[in-house]
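[1] coords below, sequence missing:
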């Protein structure tokens, strides 16, 4: 609706959107409090997650400052956008009703930070390839991700993934919304179940043998 194709190439626009997003309300209302604000693509307690990681917070004043710092002129002209989300996804509907931007998520294929940074940030990733990052920024993400994947020593990889995580947040590469908390509820007589974070909720009987205790 009149916005230039490179609208989000301006880091001030991206930061403005990140400051305009009400993370706490979405977590409280869409997840019923069962989640935490995401720090970046790497999930909590995984190699590369920063204990002192920077995150954006809902701050209308800083949002306005970033819009005003942009060369796009939208602070004076205003803008209108639309967002599509999959029907039935209440969390994404609530977020979409406030902020016009594409909403997506990820479930890991294997438990490693590479399977989080590559899909979101690499130019060949599931989301990274359509994110239209500015070429210089895209090249920087690609180089960092490929360097981290070239090592096997966790302590060599750790600072690279931490740097990727921080850069993804500082550059407001995406609006890192939330990491949901998953709970499983069983009757007290169920034994033999083992939690595997790589499996979503749903049918679990084909994964682990359960037994009922009389």
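    Yes, it's here. All of these numbers come straight from a predicted model, not from anything done at the bench.
[2] run through this structure and note the low-pLDDT ranges.
    Applying pLDDT under 70 to the chain flags residues 1-2, 84-95, 97-101, 196-214.
[3] looking at it, which helix is longest?
    Ranked by residue count under DSSP state H, the longest helix found in the chain is helix 154-170.
[4] which parts of stretch 162-175 are buried?
    For stretch 162-175, a neighbour-count test (16 or more other CB atoms under 10 Å) marks 162, 164-169, 171-175 as buried. Any C-beta I mention is one placed from the backbone N, CA and C, and that applies to glycine too.
[5] please name the nearest non-neighbouring residue to the residue nearest to the spatial centre of the chain.
    Residue closest to the average C-alpha location in the chain (CA atoms, centre = their mean): residue 176, at 3.8 Å. Counting by CB to CB, 6 or more residues apart in numbering, residue 38 is the residue found nearest to residue 176 once chain neighbours are left out, at 3.9 Å.
[6] which residues sit in contact with the one you found?
    55, 176-179 (CB atoms under 8 Å, 6 or more residues apart in numbering).
[7] what sits against the residue nearest to the centre of the chain?
    37-41, 55-56, 168-169 are the contacts of residue 176 under CB under 8 Å, 6+ apart.
[8] 10 Å - rerun?
    Listed by CB atoms under 10 Å, 6 or more residues apart in numbering, the contact partners of residue 176 are 18, 21, 23, 37-42, 53, 55-56, 120, 165, 168-169.
[9] give the buried residues for the helix or strand containing residue 27.
    For residue 27, the enclosing helix or strand under DSSP states H and E is helix 23-30. Buried residues in helix 23-30, counted by 16+ other CB under 10 Å: 23, 26-27, 30.
[10] for stretch 131-148, same thing?
    So for stretch 131-148, counting by 16+ other CB under 10 Å, buried means 131, 133, 137-138, 140-142, 144-145, 148.
[11] tell me the angle the helix or strand where residue 13 lies makes with helix 154-170.
    Using DSSP H and E, residue 13 maps to helix 11-20. Counting by axes from the mean of the first three to the mean of the last three CA atoms, to 10 degrees, helix 11-20 lies at 90 degrees to helix 154-170.
[12] from the middle of its chain, how far away would helix 11-20 be?
    15 Å (CA atoms, centre = their mean, to the nearest Å).
[13] this completes my enquiry, with thanks.
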